[in-house]
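Participant: Okay, here's the prediction I keep looking at, along with the sequence it came from:
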Amino acid sequence: MQFTKEQRHTLKTPKVIALANQHGMKIILTSLGAGWVSCILPLSTGKRDVVLGSPNMSAQMEQGVYLGSTVGRVANRIANAKFILDNNEYSVTNNQGVHCLHGGKDNFSHRVWSITQPDQQQAVFTLVSPDGDQGFPGELKVEVRYELTDDNQVIISYKYQVDKGCPVNLTNHTYFNLAGENSAKTALEHDLQINGTHFLPTDNEGIPTGEWRDVTDTHFDFRQGKRIGRDFLQDDEQRTVGGYDHTFILDSTLTDGKEAVASLISPDGDVRMNVTTTRPAMQLYTGNYLIAVSGKSQVYTPFSGVAFETQFPPDAINHPEWGEQYRGIAEPNNIYTSQTSYQFIF
């Protein structure tokens, strides 16, 4: 991956950019955290913004709940902010108690990325993370491309390369409310299907216990689809973290980037969102810790939106028993790619 001089040095002032398709759907992106801050659907009943976002860029810079952000180097949690790779122990910055969350104290959601716009339906964000950034080894070059297609898909494509072995786990942290970000209806009133075979129980700090539990006969079985609120907080796993904030291991026959691994349906049934990905797992997060967050049209509270963070499993670097395909270790000088898309049907 070759970056220009401009791409190697982040620009100080965040930019905002809009993409639009021929049907009048529009998304708004920002170079702060390569973030997705609005998604406006042209419904027959009027325009509806279905993602949570800040009222202005100043608030976006201050919020700490990752509204729409690209997170990394390593999404989700690294237990005790430590890992061993190639017989070397690394300590990374801790920003959730003793643990590392979403890449550390100065993670990618806080950075101003470089941005280019090839056309009115694409935007490309780039970032260079130097060797030792937040304690991680090696220089990392990242490219995140958003494309808004004419079939109302938002495709997020990731490309990255390191010059030393390092865990890399990039994801997008957009919160969705298909009733509208200004709606009184919450994530709990949406219907959800997830083609996940197992989920990862955690401790009360969100650290996986190491078990992969079959979803059969649990409240984590979304394979047939159900209202999110139906079995909400009905087990110790949810009560431990205030709701759903768990990783699902996806059906590996569907992680080709073409088949839906999850589908979300608005409370009134007028909007459906299908999620596809090439990643093996997905974090379902029902916004349990959205506490008095300044939003575009209202103050967001717990469950105002739901996030689908496609990724490698959390803390996978410390669980070699899960298998190399789940650990997310990038080797030097290889170019890695992944893709996740969100298609809106209305």
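Facilitator: That came through fine. Numbering: from 1, shown residues only.
Participant: Quick one: neighbours of the closest residue in space to P267 that isn't next to it in sequence, just the number.
Facilitator: Leaving aside its chain neighbours, P267 sits nearest to E189 (4.1 Å; criterion: CB to CB, 6 or more residues apart in numbering). In this view, the C-beta of every residue, glycine as well, is placed from N, C-alpha and C. Using other CB atoms under 10 Å, E189 has 18 neighbouring residues.
Participant: just the one 10 residues further on next, same as before
Facilitator: By the criterion of other CB under 10 Å, F199 has 26 neighbours.
Participant: hey, where'd the strands end up in the stretch 51-200 of the chain?
Facilitator: Remark: strands assigned in the stretch 51-200 of the chain by DSSP state E, counting those that start in this stretch are 70-71, 77-78, 82-85, 88-91, 100-101, 114-119, 122-129, 140-148, 153-162, 166-167, 171-172, 175-176, 191-194, 196-199.
Participant: Export those strands as a markdown table, with columns for mean pLDDT and distance to D236.
Facilitator: Shown next, in a markdown table, are those (pLDDT from 0 to 100; distance: least, CB to CB, whole Å):
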| stretch | mean pLDDT | distance to D236 |
| --- | --- | --- |
| strand 70-71 | 98 | 27 |
| strand 77-78 | 98 | 19 |
| strand 82-85 | 98 | 27 |
| strand 88-91 | 98 | 31 |
| strand 100-101 | 98 | 22 |
| strand 114-119 | 96 | 44 |
| strand 122-129 | 98 | 38 |
| strand 140-148 | 98 | 37 |
| strand 153-162 | 98 | 34 |
| strand 166-167 | 98 | 29 |
| strand 171-172 | 98 | 26 |
| strand 175-176 | 98 | 25 |
| strand 191-194 | 98 | 20 |
| strand 196-199 | 98 | 13 |
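Participant: could you point out which element follows the helix or strand bottoming out on mean pLDDT in the chain?
Facilitator: Ranking every helix and strand in the chain by mean pLDDT, DSSP states H and E puts helix 5-8 at the bottom, with a mean of 48. For helix 5-8, the following helix or strand on the C-terminal side (DSSP states H and E) is strand 16-20.
Participant: The helix or strand following that next one pairs with which strands, and in what direction?
Facilitator: The first helix or strand that comes after strand 16-20 along the chain, using DSSP H and E, is strand 26-30. According to DSSP bridges, strand 26-30 has the following sheet partners: strand 16-20 (antiparallel), strand 35-43 (antiparallel).
Participant: List the buried residues in the first one.
Facilitator: Within strand 16-20, the residues that qualify as buried by neighbour count (16 or more other CB atoms under 10 Å) are 17, 19.
Participant: what residues does that strand touch?
Facilitator: Contact with strand 16-20 is made by 26-31, 37, 57, 115, 117, 120-123, 146-148, as judged by CB atoms under 8 Å, 6 or more residues apart in numbering.
Participant: cool, stretch 293-301 as well?
Facilitator: In contact with stretch 293-301 (CB under 8 Å, 6+ apart) are residues 38, 49, 52-55, 59, 63, 65, 67, 181-182, 287, 290-292, 304.
Participant: still on that earlier bit, may I see the strands paired with strand 26-30 organised as CSV, with distance to T174 and mean pLDDT added?
Facilitator: Below are these laid out as CSV (distance: least, CB to CB, whole Å; pLDDT from 0 to 100):
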stretch, distance to T174, mean pLDDT
strand 16-20, 14, 97
strand 35-43, 5, 98
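Participant: can I get those strands in a markdown table with distance to G165?
Facilitator: Output for those, formatted as a markdown table (distance: least, CB to CB, whole Å):
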| stretch | distance to G165 |
| --- | --- |
| strand 16-20 | 34 |
| strand 35-43 | 28 |
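Participant: Give me the distance between the most far-flung residue of the chain relative to its centre and G165.
Facilitator: Distance from the C-alpha centroid of the chain, by CA atoms, centre = their mean, peaks at N87 (30.0 Å). From N87 across to G165, the span is 11 Å (CB to CB, to the nearest Å).
Participant: Now for the two: what residues contact both?
Facilitator: Here N87 and G165 have no joint contacts, going by CB under 8 Å, 6+ apart.
Participant: my read: I228 touches K185, true?
Facilitator: No - I228 is beyond contact range of K185, at 11.3 Å (criterion: CB atoms under 8 Å).
Participant: PyMOL command for the buried members of the contacts of stretch 293-301?
Facilitator: Entered in PyMOL, the line below selects the buried ones among those, by 16+ other CB under 10 Å:
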select buried, resi 38+49+52+53+54+63+65+67+181+287+290+304
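Participant: show me what contacts G103?
Facilitator: G103 neighbours (CB under 8 Å, 6+ apart): 71-75, 109, 134.
Participant: Equivalent analysis for T209, please.
Facilitator: 200-203.
Participant: Buried among the residues you listed? Make that a ChimeraX selection.
Facilitator: In ChimeraX, this line selects whichever of those come out buried by 16+ other CB under 10 Å:
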select :200,201,202
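Participant: Just the buried residues of stretch 55-64, please?
Facilitator: Neighbour-count burial for stretch 55-64 [16+ other CB under 10 Å]: 60, 63.
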